[in-house]
Every structure is written in structure tokens, then in C-alpha cells.
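In: based on what follows, work out the 3D shape:
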Amino acid sequence: MRHTKKLRLTLLLFLLLSFNLHAQDKTGNKFGKGIKIEAQDSSFSMKFSTRFQTLYEGTLNLEDNEWSDKLLVRRARLKFEGYAYSKKLEYKVELGLSNRDIGGEIAQNNNTANIILDAVLKYKFHPNWQLWFGQTKLPGNRERVISSQKLQFVDRSLVNSRFNIDRDLGVQLHHKGKLGNGILKQAIAMSMGEGRNITSNNVGGYSYTARVEYLPFGDFTSKGDYFGSDLKREEKPKLSIGATYNFNDGAGRQGGQLKSFVTDTNGDQIINDLSTIFIDAMFKYQGFSIMSEYANKTASKDVDASNKFNTGTGLVFQAGYLLKSNLEIAGRYTQITPDNTTFSGLKEETEYTLGFSKYFVGHSLKIQTDASFVDILNNDNIFRYRFQVELSF
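Out: From the prediction side, this is the model:
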């Protein structure tokens, strides 16, 4: 009798499972485009997507021939976006799940995990005008605003990691219009100045950002000025030139919105006014692409602290060509020059990178690898090899 009951229960579970499998809904959504839903009364919509990057990185110290390597989930993200109440009111929420996404523990954030990357509302109050409120990327250098999913190399350059102004909490105003035969884009922002979701009181003043872009030949196909590689194989030359200025009044962190909070030898907080200038350009034509950026960050005063502010200049130039097989070869040159080796938190570095990418479904499914030689002044030179797989739907 007991065996008969177990058999009946097993059959029942099997039938329920079979029914659920056959009852699964089929969707018209496509790979790489997320899962989309919309209310019948058009009161809201949501697109859900997720992605992850698995990275292998090996480094050879060229002075002592010591090899070290690691394998990790470089990024893992969940993203929700759409509109709420009205199609004029858009939202975006993005969460970071990997260790590198969450970041290190800091006292100013109660030493808690910081998983919120974006949480922003975008109100289209007039044609070509948007008002943003919340946490998201500032209108900074192009390489930073380009999603980490859509990069031409395994990761961004040293110029970005040393100088970018990243994400912040505040308000932004965006406008897009015509200028002659071209497109003119402008953005201004006022934000807290200390980066994403810091829970302690602001230690200094606010951060002010202004950006302008000009596209003399009109828009890129599918917003191609903000993803790496010429995947759309532009039939006509396309060019975007941009410039950003950021003033962080009373910055408390090494990079303004990023890195460690700066303290003196007694552990007391130090603030400094940081000014950052970015000039960048993107060019694409028939599978050929070029991107270049210049960065300059200065401080109002030199400080003698354990964690110094990251000030100096940076230059990056990269170019690539996409074959008809969707295999791309690309090269990148990067130069970092601190403005003062005594008071700047940066080192003088030069990096040469050669990269290869294979795009199966654009940036949604790809394999990327690159090799770099890094020359660091007064430090051991290194060779670095990276291999990464990106999956996004």
C-alpha cells in the first residue's frame, strides 16, 4: 500500500510538471532585446534584461618573471527599464551583483553592500528635452558613458579608471537639437559629488557638470556613437565630438565620485576642489572605428595625505576594423601623466593593447581577448593577458 501511494504521488507530480512545461508561454521577444511587458491600458511598461561577464586575467611581472592569474565573474547585472504612468515618464533601475560591482566597504556607506548602480526617472517635459532625477552616470567622458557591455576591448582604458566621474545622485537636464546639417547635444547636472548611494552626510559641496556634443554628419545608426566597434557598418562617415567640464566643490574622495575618502595622518577628513576636463571623439565608417579621449583633473591645493587626490592628464587613442565575419582586430594606446609626483595619487603609465573580438549577436553574445604591455615609471613593467565572454539577453 505504501509503495502504491508513493507511485501515485510520483505520477501526480510528473503530470503536474508535464502540464506546467507544456503550459509555458511563448514570447515574441528576441535574444539580446530583453523581456518586455506592457499594461493593456498603457499605464506602464517594463523591459527586464540580465547580463554577465566571465573574465580570465593573467599578469606577468617582466622583472622577476612571476606569473599570477585569476578567473572571476567581472560583472553581473539586472536591469529594469520602461515608462510609468505616462510614456513621458521613463525609469531605469540597474543592480550590480558581482563583488566588483558592489565595491569595497566604506564607513561613509555604513560598510554595507552597494548594489544599486542606476535608479533614475527621466521626464520628457518637451520635445527634445529631458529632466533626470536620481542616481545614474553623469554626462562625463564618452568611454565611461558607453555601457561596459558594449566595449571594444575587454575593459575600459586607464584614462577612464584614473579620471572618470562615474555615477552620482542628483538632477540632470538633457537637450538634443539641430545645428546646421548636424546634431547638437547638451547636458548639465548638479549632484552630490561623492558617488553612488553614499548614506552619510555630504562632507563638502556639490558637483557641477556640463557636456556638449556635436555630430556634423548627423546621427549614428542605432546610437552607434555610444557603443564600441562599427557593428552597423555605417554607409557614410559619422563623427561625434564631445567635451565635458566638471567642478566638484569640496570633494572628499580621491577621484571625486570614486576611490577612497582622503584623510590626513590623524585620520581626519580632507576635502579639495577638483576640476576635470574631458575632450573625446568617435568616428565610424564601413566597419572602421576610432575613439580618442583626453582627460585633465586638477585640485585647488596640494595635500600631504595617506590617500592623495588623483590629478594629472590622460590620453587614449584606439582604432579597430570589423571584418565581414564579425571578427574585429583593434589597438589601443594609453598615457597617464600625474601633474605632481609628490602630491598626486597617480603614477606615470603607458599602456599598449592589442585586442580581438568575435561578435555572435552584437554585444549581447561575444568573446573578447586582449594583450597589453604596461610601462610604469619607477615600477616593474608588466604583460597582461585577458579573455572574456559576455552574455546578455
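In: would you map the helices across the stretch 201-350 of the chain?
Out: Shown for the stretch 201-350 of the chain, no helices are assigned by DSSP state H, counting those that start in this stretch.
In: let me see the ranges of the strands in it.
Out: Shown for the stretch 201-350 of the chain, the strands assigned by DSSP state E, counting those that start in this stretch span residues 207-215, 238-251, 272-285, 288-299, 312-322, 327-338, 349-361.
In: distance from the chain centre to the fourth one, please.
Out: For strand 288-299, the distance from its own C-alpha centre to the chain's C-alpha centre is 15 Å (CA atoms, centre = their mean, to the nearest Å).
In: which secondary structure elements does that strand contact?
Out: The contact analysis (3 or more CB pairs under 8 Å, 6 or more residues apart in numbering; DSSP states H and E) places strand 288-299 against helix 142-145, helix 158-163, strand 272-285, strand 312-322. For every residue, glycine as well, the C-beta is placed using N, CA and C.
In: identify whichever of those lies nearest to Glu63.
Out: Nearest of those to Glu63, taken as CB to CB: helix 158-163 at 19.9 Å.
In: give me the contacts around the closest one.
Out: Applying CB atoms under 8 Å, 6 or more residues apart in numbering, the contact partners of helix 158-163 are 141, 143-144, 255, 276, 278, 293, 295-297, 310, 312, 314-316, 334, 336, 346, 349, 351.
In: mind doing that once more with 6 Å?
Out: With contacts defined as CB atoms under 6 Å, 6 or more residues apart in numbering, helix 158-163 is touched by 143-144, 293, 295, 297, 310, 314, 316, 334, 336, 346, 351.
In: give me the element Glu57 is part of.
Out: Taking DSSP states H and E as the definition, one finds Glu57 inside strand 45-61.
In: buried ones in the helix or strand following that strand, by neighbour count?
Out: For strand 45-61, the succeeding helix or strand toward the C-terminus, using DSSP H and E, is strand 66-84. Applying a neighbour-count criterion of 16 or more other CB atoms under 10 Å, one finds 74-77, 79-83 buried in strand 66-84.
In: now stretch 289-308
Out: For stretch 289-308, the neighbour count (16+ other CB under 10 Å) marks 289, 291-299, 305, 307-308 as buried.
In: those residues: which two are farthest apart?
Out: Checking those with CB to CB, the most distant pair is Ser289 and Ala305, at 40.6 Å.
In: list the contacts for the closest residue to Leu323 other than its chain neighbours?
Out: Closest residue to Leu323 apart from its sequence neighbours, by CB to CB, 6 or more residues apart in numbering: Gly287 at 7.3 Å. By CB under 6 Å, 6+ apart, the contact list for Gly287 reads 230, 233, 321-322.
In: could you pull up phi and psi at Leu97?
Out: Note on Leu97: its backbone torsions stand at phi -110, psi -20 [degrees, to the nearest 10].
In: any idea what the closest residue in space to it that isn't next to it in sequence is bridged to?
Out: Closest residue to Leu97 apart from its sequence neighbours, by CB to CB, 6+ apart: Ala76 at 4.2 Å. Judged by DSSP bridges, the bridge partners of Ala76 are Phe52.
In: distance-wise, check Ala76 relative to Gly82.
Out: 21 Å (CB to CB, to the nearest Å).
In: that older thread, between all of the contacts of Gly287, which two are separated the most?
Out: Counting by CB to CB, the most remote pair of the contacts of Gly287 is Arg233 and Tyr321, 10.9 Å apart.
In: what about the residue lying closest to Ser300 once chain neighbours are set aside, neighbour count?
Out: Leaving out its chain neighbours, the residue that sits closest to Ser300 by CB to CB, 6+ apart is Asp273, at 3.8 Å. By the measure other CB atoms under 10 Å, the count of residues near Asp273 is 17.
In: which ones are touching Gln388?
Out: With the criterion set at CB under 6 Å, 6+ apart, Gln388 makes contact with 53, 55, 154, 368.
In: show me what it is bridged to.
Out: Leu55, Gln368.
In: who's in contact with Thr209?
Out: So Thr209 contacts 138-139, 189, 246 (CB under 6 Å, 6+ apart).
In: please report how far it lies from Ile198.
Out: 17 Å.
In: wait, Arg196 touches Ile165, no?
Out: No. In this structure Arg196 lies outside contact range of Ile165 using CB atoms under 6 Å: 11.6 Å.
In: of these two, who's got more company?
Out: Taking neighbours as other CB under 10 Å, Arg196 and Ile165 compare with Ile165 leading, 29 against 23.
In: skipping adjacent residues, who's closest to that one in space?
Out: In space, Ile165 is closest to Gly140, 4.4 Å off (CB to CB, 6+ apart).
In: that neighbour belongs to a helix?
Out: No. Gly140: not assigned to a helix; according to DSSP: H, G, I helix; E, B strand; the rest coil it is coil.
In: Throw the contacts of helix 158-163 into CSV and include distance to Gly170 and pLDDT, thanks.
Out: Shown next, in CSV, are the contacts of helix 158-163 (distance: CB to CB, whole Å; pLDDT from 0 to 100):
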residue, distance to Gly170, pLDDT
Glu143, 21, 97
Arg144, 16, 97
Glu293, 23, 98
Ala295, 21, 98
Lys297, 19, 97
Asn310, 21, 93
Gly314, 25, 97
Val316, 27, 98
Thr334, 30, 98
Ile336, 28, 97
Leu346, 26, 91
Glu351, 32, 97
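In: what's the closest of the residues you listed to Glu90?
Out: For the contacts of helix 158-163, the closest approach to Glu90 (CB to CB) belongs to Arg144, at 21.2 Å.
In: tally of neighbours for that closest one?
Out: By the criterion of other CB under 10 Å, Arg144 has 24 neighbours.
In: how about Ile336?
Out: Neighbour tally, Ile336, other CB under 10 Å: 25.
In: who's it bridged to?
Out: On the basis of DSSP bridges, Ile336 is bridged to Gly314, Glu349.
In: need the pLDDT of the residue nearest to Leu231 when sequence neighbours are not counted.
Out: Distances taken as CB to CB, 6+ apart place Gly362 nearest to Leu231, at 5.5 Å, with adjacent residues excluded. For Gly362, the model assigns a pLDDT of 95.
In: can you report phi and psi for Gly362?
Out: phi 50, psi -140.
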